[in-house]
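**Q** below: sequence and its predicted model.
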Amino acid sequence: MIGFLVRRILAAIPVLFGVATLVFFILRLLPGDPIALMLAGAPADEETMNNLRQQFGLDQPLIMQYFTFLGHIATGNFGQSFVRSEPVMGMIGEQFVSTLMLTLASTLIAVVLGAVLGVISAIHRNGWADFVIRIISLLGISMPTFWSGILLILIFSVHLNWFPATGSGGFSRLVLPACALGLVGAGFIVRMVRNSMLEVINEQFIMTLRSKGLSERIVMYQHALRNALIPAVTMVGVQIGELLAGAVIIETVFARQGLGRLIVDAIMNKDFPTVEGAVLFTAIVYVVVNILVDVSYSVIDPRVRTSN
Amino acid sequence: MEELLDVRDLTVDFMTKTGLLTAINEVSFHIKKGEIVCLVGESGSGKTITSLSIMRLIEHANGQIADGTIRFAQQDIAQMQQEEIRKIRGKKIAMIFQEPMTALDPVFTIGFQIMEVILRHEPVSKEDAWKRAVYLLQRVGIPEPKIRMNQYPHELSGGMRQRAMIAIALACNPELLIADEPTTALDVTIQSQILDLLRELKDEFQMSILLITHDLGVAAEMADRIIVMYTGRVVEQATVHQLFEQPYHPYTQGLLQSIPSIDVERGGRLHSIKGTIPSLTNLPSGCRFQPRCPHATLHCESHEPMLAELDGRQVACWHAKEIAERDKDGLLFQAKPASGEKQRAEAGTQEDPNRKVLIDVQDLKKYFPIKKGILNRVTGQIKAVDGVTFQIFQGETFGLVGESGCGKTTLGRTLLRLQQATSGRVLFEDRDLFQMNGKEMREARREMQIIFQDPYGSLNPRWTIGDIIEEPLRAHGSLQGQDLKYRVQELLEWVGLDPAWYKRYPHEFSGGQRQRIGIARAIALQPKFIVGDEAVSALDVSVQSQVINLLCDLQSKLGLTYLFIAHGLDVVRHISDRIGVMYLGKLVEVAPTDELFTHPTHPYTKALLSAIPVPNPERRRSSIKLEGEIPSPANPPSGCRFRTRCPAATERCKSEIPELKEVGKGHWVSCHFAM
């Protein structure tokens, strides 16, 4: 197991290096001058601007900037924001809590809803319950989150007045954005769980379990589901990446604080260090989540445990 | 004896896209207390459906009981609610399934799966359930039961898993045990251990057993009474002695004659039932066996016979009485010795000192590395084939037998260079196969072909059978256009298929027909040498004998040389001139077939031979029992590899590796104590 972890962590290094390189050069390819934006149109002479360039190291040749950047991130230093002049790390930390809450809440919704509906759908294959669930899952997958988000605001905030429409902080402000985001994931997970459940239900051991006189509830939820979750867990890993990406949009729609908002604002302002830091940080989260997913395999599936 | 189970007129329908399909029809039988009843039949006969119906599990397999009663302990199971039947399942009626590999839930421990059924049905504490589970594991012969309790199914061998499955079934002292092909997936030595165990447990737990099997040898050995099924109907029901002494139904007769039994004369053609088992969607009119029956008359074509009492048994045949009268002496079903049409064993292979060596295998080794750790370092070797030397002569059939994991398949593939050998040489017509370059090897491949075990997995489902058979011809560029087509049609004819089926796809064919397609593909390039890797193992008995006959015919027609790999000794005996017995990567005995069967010398060969169930209830085995299972080839025992299971092992066997030495003419044995 330790060996497996070490290998996975080593394999993550080139991934993160690639992400860092891409985000660095793409940012610099974008048109517009960060210094000009920083001054927000205020009149400034050539000298002030040059001073600022020097201060942020933007006067160096691109390749030098790149290596300085690599050197910094290798030591865990993500630099200072151009706009707010504070360490990027701290800003990310501040915003990440909010995004983490959103991601966890929507993952919870996606997994619980996805697993339960997936099982029901598989058990009643081709029945009306299956039919309804499949339509819901299709809707969940195909509705863009910004649209379903607005729809949720309309129904639950404007008409029913159950939850506040926008802003961050507190459980009540988390419910709607988490639902909007979670529904997409649930849609995918329902399909995944349904398919793998259908496969598992036809396995011989399900007949063995029934021949022992166990109730259908135990056969399905204790035995079949645990087997069906093995392939579905991979999906969850991929989904968390989707959810992180979706957070960018949802945080804008619901005017929530968070990493997504941070990145969007930073891109608008061409705040290089903040974008770089936030993107890299997201990549790290994604890699860690996927390593955790692989580890969780061995928790669910004893066959993986011994081969490791 | 009191009746425990009484099934009357059981009819089961299946829901299909095109409507209801009747899978079994008016099946009636009973089981008495303490009795073993065998349900015998080929695939599609409805034996599994019958067993699932008794447990009412059939509803979970898309079926429904349309008619009939299943009386068990004064209740009609057919009328019960699922809630009620669940209290009987696992408690009064328990079941074991065919595939020990897939019959246990892979993500729960063995202990959990045994305790689960105890806790479901008995008002006991967890500790008591645990104790009982440990006792059961120990009782079914699993070593170190306490450790096994916490292990998962994949950590146990097939035989051990089947024992664990039996432990689950016995957990609540059931009155009836249904065993659906419990030993079909196991090796013969393990099969005989499991069958013995079932018999012991039957007496100890005072239960009845309904044993479902396609193997008449197993039935002869275990059964008190036998029920023969064909396409969803019972065709004959008799005591085991009645049935094997004189089967009345033509299907039972055909089935018994089709077995290449080790009791009957070798070398002749096998009897085979003509045609194939009809599908349930396309049943013949009248008697269902009528198109394949040698006694069929016009009456049989229009009227379906009912199961009727005759001489203390039940038969469903219009002509049962006449047939019974005529074959009173019981000779009909003894396989007749070859009527001069095929005496290939004597065709100069055995005695002729000038016979040519076609394949010369010299000290062949094939190791698979075991990789472990962060750096994938090689930490050990699985010695699948470990120094094997033998020769195959031109025109002969060399049989290779051994239990699974003994390396016989690897040997077959390595000697065709389908896998790279670790060391050793294989000479094909005196040329070293392993020294050949790409072009030479391609040329040599024309002469050496292989037929695989699985008739379903070895044909590309998206290609027509014409394309499949054509492929080797096209790859070697020998024929084109019309010539190619004619050649393929000729090949189809040779293997007994209609040339007009050229454009059909594999799924349109039955298992036996698919194996014929595989054979046509193998002989397309007119090879000299064919490896048949378990080529008939997956086929039903009546079809298996047809394919064996075909292989023999093609051999004399085309002068083929076969290496016939199989775990079924009876089949190998029938087809082979000489036989090699493998154990853990080594050849332990090589001898001409008759010599091997009359004077087996190696203790492993003896045990293997005595483990085969004989389809003759008068000769139930007094067999030499093999303890335990085949050790891991990654870590074989020192000295003689068989010593850990050998009843005659001594200190010498531990330290000294026995050489293969000649003990008689052409009879080689590797044992220190071979006479």
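**A** Noted; the coordinates are in hand.
**Q** residue ranges for the helices of the stretch 151-300 of chain A, please.
**A** Taking DSSP state H, counting those that start in this stretch as the criterion, the stretch 151-300 of chain A carries its helices at A:172-201, A:204-211, A:216-217, A:225-253, A:259-268, A:272-300.
**Q** list of residues touching the shortest one?
**A** Applying C-beta atoms under 8 Å, 6 or more residues apart in numbering or on different chains, the external contacts of helix A:216-217 come out as A:123, A:210. Where C-beta positions appear, they are placed from N, C-alpha and C, glycine not excepted.
**Q** quick revisit: now mean pLDDT and mean neighbour count too, for the helices of the stretch 151-300 of chain A, in JSON lines please.
**A** JSON lines is the format used below for those (pLDDT from 0 to 100; neighbours: other C-beta atoms under 10 Å in any protein chain shown):
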{"stretch": "helix A:172-201", "mean pLDDT": "86", "mean neighbour count": "23"}
{"stretch": "helix A:204-211", "mean pLDDT": "91", "mean neighbour count": "23"}
{"stretch": "helix A:216-217", "mean pLDDT": "88", "mean neighbour count": "11"}
{"stretch": "helix A:225-253", "mean pLDDT": "80", "mean neighbour count": "21"}
{"stretch": "helix A:259-268", "mean pLDDT": "82", "mean neighbour count": "21"}
{"stretch": "helix A:272-300", "mean pLDDT": "83", "mean neighbour count": "19"}
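**Q** quick one: which of the ones you listed is nearest A:Ile9?
**A** helix A:272-300 (7.2 Å; C-beta to C-beta).
**Q** could you check the closest one against chain B for contacts?
**A** Yes: part of helix A:272-300 sits near chain B under the criterion C-beta under 8 Å from any C-beta of the partner chain, namely A:Ile300.
**Q** next, the angle helix A:225-253 makes with that helix.
**A** Note on geometry: by axes from the mean of the first three to the mean of the last three C-alpha atoms, to 10 degrees, helix A:272-300 and helix A:225-253 are set 160 degrees apart in direction.
**Q** helix A:272-300 vs helix A:259-268, what angle?
**A** Taking the same axes, to 10 degrees, one finds that helix A:272-300 is oriented at 150 degrees with respect to helix A:259-268.
**Q** so what does helix A:272-300 touch, helix or strand wise?
**A** helix A:2-29, helix A:62-74, helix A:88-123, helix A:225-253, helix A:259-268, helix A:302-307 (3 or more C-beta pairs under 8 Å, 6 or more residues apart in numbering or on different chains; DSSP states H and E).
**Q** save these as TSV, and put in distance to chain B too.
**A** As requested, those are exported to TSV (distance: least, C-beta to the nearest C-beta, whole Å):
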stretch	distance to chain B
helix A:2-29	4
helix A:62-74	23
helix A:88-123	11
helix A:225-253	5
helix A:259-268	34
helix A:302-307	4
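**Q** A:Pro164: which of those is closest?
**A** Taking C-beta to C-beta as the criterion, A:Pro164 comes closest to helix A:225-253 out of the helices and strands packed on helix A:272-300, the separation being 13.6 Å.
**Q** mind telling me which residue is nearest the centre of chain B?
**A** Nearest to the mean C-alpha position of chain B, by C-alpha atoms, centre = their mean, lies B:Ser537 at 5.3 Å.
**Q** not counting residues beside it along the chain, what's closest to that residue?
**A** The spatially closest residue to B:Ser537, leaving aside those adjacent along the chain, is B:Gln453, at 5.7 Å (C-beta to C-beta, 6 or more residues apart in numbering or on different chains).
**Q** for that neighbour, list the residues it contacts.
**A** With C-beta under 8 Å, 6+ apart as the criterion, the residues that contact B:Gln453 are B:533-535, B:537-538.
**Q** kindly recompute the last result at 10 Å.
**A** For B:Gln453, the contact set (C-beta atoms under 10 Å, 6 or more residues apart in numbering or on different chains) comprises B:409, B:515, B:518, B:532-539, B:565-566.
**Q** and those, which of them are in helices?
**A** Using DSSP state H, B:409, B:515, B:518 are the members of those that sit in helices.
**Q** Throw those into JSON lines and include distance to chain A and pLDDT, thanks.
**A** As requested, the ones in helices among the contacts of B:Gln453 are arranged in JSON lines below (distance: C-beta to the nearest C-beta, whole Å; pLDDT from 0 to 100):
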{"residue": "B:Thr409", "distance to chain A": "23", "pLDDT": "88"}
{"residue": "B:Gln515", "distance to chain A": "25", "pLDDT": "88"}
{"residue": "B:Gly518", "distance to chain A": "27", "pLDDT": "90"}
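**Q** closest to A:Asp33 among those residues?
**A** Distances from A:Asp33 to the ones in helices among the contacts of B:Gln453, taken as C-beta to C-beta, are shortest for B:Thr409 (70.2 Å).
**Q** give me the buried entries from the ones in helices among the contacts of B:Gln453.
**A** With neighbours counted by 16 or more other C-beta atoms under 10 Å in any protein chain shown, those contain buried members at B:409, B:515, B:518.
**Q** closest one of the ones in helices among the contacts of B:Gln453 to B:Ile226?
**A** Minimum distance to B:Ile226 across those is 27.9 Å, recorded for B:Gln515 (C-beta to C-beta).
**Q** pretty sure that closest one is touching B:Gly457, no?
**A** No: B:Gln515 is not in contact with B:Gly457 according to C-beta atoms under 10 Å; the separation is 11.8 Å.
**Q** from the chain's centroid, how far away is stretch B:561-576?
**A** 13 Å (C-alpha atoms, centre = their mean, to the nearest Å).
**Q** and what of stretch B:198-207?
**A** When distances are taken as C-alpha atoms, centre = their mean, stretch B:198-207 is centred 25 Å away from the chain's centroid.
**Q** is any residue of that stretch near chain A?
**A** No: applying C-beta under 10 Å from any C-beta of the partner chain, one finds that stretch B:198-207 is not in contact with chain A, the shortest distance being 15.0 Å.
**Q** what average pLDDT does that stretch get?
**A** Averaging pLDDT along stretch B:198-207 yields 89.
**Q** show me the contacts for residue 20.
**A** Here I'm looking at chain A. Listed by C-beta under 10 Å, 6+ apart, the contact set of A:Ala20 reads A:66, A:69-70, A:73-74, A:276, A:279-280, A:283.
**Q** you looked at the wrong chain, it should be chain B
**A** Neighbour list for B:Leu20: B:13-14, B:63-64, B:66 [criterion: C-beta under 10 Å, 6+ apart].
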